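Engineer: no sequence for this one, just the structure:
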C-alpha cells in the first residue's frame, strides 16, 4: 500500500513576515523557509502507519520552485521513502495544485493521501477538498485520529459538541488537525541517509494541467496597528465605559 503526502514550503512559523517596499508581495529575501507544520503532522502519521506494518511506501511530493527540494529532503529524513517535485516558478492556487496532485496520484496509484488541513501562509484550507472532488475519492477533513481497518480507514474528527468517526473506503483522502500527533525530529543519521534517497523532478508542463490563476494579487500590506487598551480600576468603571463610551451594553 502506498501513502502519498503533499508537502508545502512556507516561511518558518517563527519568522515575522513583512511586505515588500512596493507592496507587491511578501518579502522573502533571507527568510528561513520550512515544511508547513500541518504537512509535518501528515507526514508523521504516514510514517507511523508504515511503521505499524500497514503500508509499504511513503511518498512525499511538493509543487513549487527548485528550492522546495530542501523541504523534500527534510521529509525524506523524517521517514519518507522517496520524493517527487513538480517544478514550477509560478505561485499556484489551490485548484492548480489539486490538479497537479491528482495527476501524480493517478500515476502512483496511491491508496491513502494525507495532507495538512491548511498551509500557514495562505490559510486556504482548500486543497484536500478540491483534490477529493477532482478524483471522486472519499475524504475526511481535520482528522484527530486515523486507524486502518482492512481496506478502509476509520477517521475521527472533532466537530462542534463532540467527535465524529467516518469510515472511508480506500483510496481515500485525509487532512490532518493539530491533535493528530506530535511530529518527530530528524536525526543526523537519517539526514545523511536522506541525501541518497530518490527525489524525482517533473516539470509542471509535463502533467498537462491548466494552472492559470483565477485570482489576482493586488497588494500586500500589514494590518493597521491597534490602539492601546484602557485599564480600569473597578468593575463599575468598566461597566460605565462599556455603556456610555463603547455603547455595547444598555
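Structural biologist: All right, it came through fine. Worth saying up front: this structure is predicted, and the values here are computed from it rather than measured.
Engineer: Which residues are in contact with the residue positioned nearest the centre of the chain?
Structural biologist: What sits nearest the mean C-alpha location of the chain, by CA atoms, centre = their mean, is residue 116, with 3.5 Å. Counting by CB atoms under 8 Å, 6 or more residues apart in numbering, residue 116 makes contact with 6, 8, 36, 37, 38, 39, 40, 41, 42, 175, 176. Every C-beta, even on glycine, is put in place using the N, C-alpha and C of the backbone.
Engineer: swap in residue 56?
Structural biologist: 1, 2, 50.
Engineer: at 10 Å instead, please
Structural biologist: Taking CB atoms under 10 Å, 6 or more residues apart in numbering as the contact definition, residue 56 lies against 1, 2, 3, 50, 81, 111.
Engineer: same question, residue 90
Structural biologist: Shown in contact with residue 90 (CB under 10 Å, 6+ apart): 63, 64, 65, 96, 204, 211, 212, 213.
Engineer: was I right about the second one contacting residue 88?
Structural biologist: To tie it back to what came earlier, the one meant is residue 64. Yes - with contact defined as CB atoms under 10 Å, residue 64 counts as touching residue 88 (6.7 Å).
Engineer: what touches both of these two?
Structural biologist: Contacts common to residue 64 and residue 88, judged by CB under 10 Å, 6+ apart, are 97, 204.
Engineer: before we move on, back to that, out of the contacts of residue 56, which end up buried?
Structural biologist: Buried members of the contacts of residue 56, scored by 16 or more other CB atoms under 10 Å, are 2, 3, 50, 81, 111.
Engineer: Among these, which lie within helices?
Structural biologist: residue 50 (DSSP state H).
Engineer: Just flag the most distant two among the buried ones among the contacts of residue 56.
Structural biologist: Taking CB to CB as the measure, the buried ones among the contacts of residue 56 span a maximum distance of 14.3 Å, between 81 and 111.
Engineer: Adding distance to residue 59, write the buried ones among the contacts of residue 56 out as TSV.
Structural biologist: What follows is the buried ones among the contacts of residue 56, written out as TSV (distance: CB to CB, whole Å):
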residue	distance to residue 59
2	6
3	7
50	11
81	7
111	11
